[in-house]
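> whatever this is, show me its structure:
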Amino acid sequence: RDDLTKYCDVHQRVGRKHLCTQDPCPFLVDHHGAALLKHSDATSGDAAPCKLVPNMHLVVARHVKPKTKESGKCYALTVHPEGLAITTFVTHTWGGIFHELVDVLSKAFDPEEAVWICSFA
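Down below sits the predicted model:
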């Protein structure tokens, strides 16, 4: 939660890229594969910067894709190579605040229960 919030505090979204608002960027070596746009590279033809929110898009860009790139496996099988028996299918909005989804799931399910979430499957 804190990592996503702190990252969003110092970045804006320009199209599909992240624009660092501080120089030097405190995440200089920790962008985890997210596409970056430096202020010096921004042009008047780029979309207007907007607030970057800690949603599923950001989780996948910064955490899921980098952790699965080498193996080519989904995140779930990267963490649990033997797989888990799924009892519940969870649907979510990609634009919603990620920690709110985590909070709801934490209240609704036992920590040991395996649920299927498309972003991680």
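> correct me, but His31 touches His63?
No - assessed by Cβ atoms under 8 Å, His31 is found out of contact with His63, at 11.2 Å. Glycine gets a C-beta too; all of them are placed from N, C-alpha and C.
> and the most centrally placed residue in the chain, helix, strand or coil?
By Cα atoms, centre = their mean, the mean C-alpha position of the chain lies nearest to Val59, the distance being 1.1 Å. What DSSP: H, G, I helix; E, B strand; the rest coil gives for Val59 is helix.
> that one against Arg1, yeah?
No - under the criterion of Cβ under 8 Å, Val59 makes no contact with Arg1, lying 10.7 Å away.
> hey, what's in contact with both of the two?
Phe98 (Cβ atoms under 8 Å, 6 or more residues apart in numbering).
> mind listing residues that contact the helix or strand of the chain with the lowest mean pLDDT?
Least confident element among the helices and strands of the chain, by mean pLDDT, DSSP states H and E: strand 36-37 (a mean of 73). Here strand 36-37 makes contact (Cβ under 8 Å, 6+ apart) with 14, 17-20, 46.
> no more questions from me, cheers.
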